[in-house]
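Visitor: Here you go, sequence then predicted model.
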Amino acid sequence: MTSETSSVHFGQLNDTNYAESMRMEAVLVRAGLLQMIDVVIDKTGKDATTIVKDIKAAIDARAADKMNEARAEIILRVEDGQLAHYMKSRDPREIWATLERVHHAAGFATNLALCWRFLTMKKTDSQTMQAWIGQVQALAFWLGQAGTDVTNQDKILALTMGLPSSYDSVRRFW
């Protein structure tokens, strides 16, 4: 692990904080290892068969030492309980895909729970307005990740409906 990647601190990935995977992705980008997981090719003017061949070629061309580095970064940043999720694979793409499949929020019940949380969340008195807006934005992001479209109007409603009574003067202008 390089000094650049080891200086990045966040909780190890587990069943409850998969949102941190964005930070893990940033660590891989900074270390020049994301291409070991996220293979990108130019699809311009190519048919599906050529694209599939190009992707396979790019996957096969990955350097073993870089794949090992990416695998190590992922393994070192997950809790012990996550090691059972296909961590034995030598391919960091497989490990990443399995973690995403296991932890990525999706489905009707998840969307319903996230929507309910989004529409009923409340700003606390001790919370700054910036933190409140960030909390609403974060939940809107996770709703989007789970497949629910969240409009700016939805965010504005969640922001204003969640304000405490001390902000009633703001709401009376509607």
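Guide: Received the coordinates, thanks.
Visitor: Domain-wise, how is this protein divided?
Guide: Listed by the TED database, the domain ranges of the chain are 8-105, 121-173.
Visitor: So which of the ones you listed is nearest residue 111?
Guide: Closest to residue 111 of the domains of the chain, according to CB to CB: domain 121-173, at 5.1 Å. For the C-beta atoms, the positions are set from N, CA and C on the backbone; glycine is no exception.
Visitor: now the closest one, how far from the centre of its chain.
Guide: In terms of CA atoms, centre = their mean, to the nearest Å, the gap separating the centre of domain 121-173 from the centre of its chain is 20 Å.
Visitor: any idea of the mean pLDDT for it?
Guide: With pLDDT averaged residue by residue, domain 121-173 scores 87.
Visitor: Adjust the sequence numbering to begin at 626 for everything that follows.
Guide: With 626 as the first residue, the last one maps to domain 746-798.
Visitor: Which residue, neighbours along the chain excluded, lies closest to residue 747?
Guide: What sits nearest to residue 747 in space, not counting adjacent residues and going by CB to CB, 6 or more residues apart in numbering, is residue 787, at 4.8 Å.
Visitor: Now do the SS call for residue 670.
Guide: Assigned by DSSP: H, G, I helix; E, B strand; the rest coil, the conformation of residue 670 is coil.
Visitor: How many neighbouring residues does it have?
Guide: The local packing of residue 670 (other CB atoms under 10 Å) involves 6 other residues.
Visitor: I figured residue 687 was touching residue 661, is that so?
Guide: Yes: in this structure, residue 687 is within contact of residue 661 by CB atoms under 8 Å, at 5.6 Å.
Visitor: need the longest helix for this structure.
Guide: For the chain, the helix with the greatest residue count under DSSP state H is helix 754-770.
Visitor: so what secondary structure elements neighbour that one?
Guide: Counting contacts by 3 or more CB pairs under 8 Å, 6 or more residues apart in numbering; DSSP states H and E, helix 754-770 is packed against helix 733-745, helix 777-786.
Visitor: May I have the residues that are in contact with residue 740?
Guide: 768, 773 (CB atoms under 8 Å, 6 or more residues apart in numbering).
Visitor: returning to that earlier point: who's more crowded, residue 687 and residue 661?
Guide: Taking other CB under 10 Å, residue 687 and residue 661 do not tie; residue 661 has more neighbours (25 against 17).
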